[in-house]
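Asks: With the sequence up front, the predicted model follows.
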Amino acid sequence: MHAIETDRLVLRNFRKDDAADLFAYLRAPTASCFLSLKLDDLRAAEAEAEKRSGSDESIAVCLKGPGTLIGDLFTFTEEDTVSVGWNFNPAFGGAGYATEAARALFAHLFTTVGARRLYAYVEDHNIPSRRLCERLGMRQEGLFKEFISFRNDENGSPVFENTMQYAILRKEWDARR
């Protein structure tokens, strides 16, 4: 993927030297949907960064200037429909970086890639991601009750979570511009 620049960020492919910054937020994922990505040490982070570097589906979000990795975006494409998502280091929260990065990604997917529809899954208790979807102009399309389990309770039984689906069509995105 060609790098995408915004006022404060650079969106680019991962590199192996992103490992320490990746470890900073994946050593203790804050969203339950990322628990399976938990990294135990820097060696695991190096392997994960190298794995991600081979794919355009994982996009590193870095601060311009210092180049610090502050989070990532990800996409999965099926014909003209793209599933999108994000995971950011909470230490950089509240500054609008996720919104800035996702807007740049959406513009790229709609204009350069030619996507017709983007959608995201968000657990109903993940208020920051729900608000991000809404800031991006996405509408809630559905609520899947007890849709998925990312962890077990103290007895070993799965804890099922409610998942919301948000989406936006290219024509809706264009109308907002």
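Replies: Received the coordinates, thanks.
Asks: Can you list the helices and strands that the helix or strand hosting E48 packs against?
Replies: Using DSSP states H and E, E48 falls within helix 42-53. Applying 3 or more Cβ pairs under 8 Å, 6 or more residues apart in numbering; DSSP states H and E, we find helix 42-53 packed against helix 19-26. (Each C-beta comes from the backbone N, C-alpha and C, glycine too.)
Asks: Residues contacting the lengthiest strand in the chain, please?
Replies: Identified as the longest strand of the chain according to DSSP state E is strand 139-152. The list of residues contacting strand 139-152 from outside it, by Cβ atoms under 8 Å, 6 or more residues apart in numbering, reads 32-33, 35-36, 119, 124, 133, 158-168, 172.
Asks: where along this structure do the strands fall?
Replies: According to DSSP E, the strands that the chain contains are 4-5, 9-13, 58-63, 69-78, 81-88, 117-123, 139-152, 158-169.
Asks: Most tightly packed of those strands?
Replies: strand 58-63 (a mean of 23; mean count of other Cβ atoms under 10 Å).
Asks: which residues does P90 contact?
Replies: Y25, T30 are the contacts of P90 under Cβ under 8 Å, 6+ apart.
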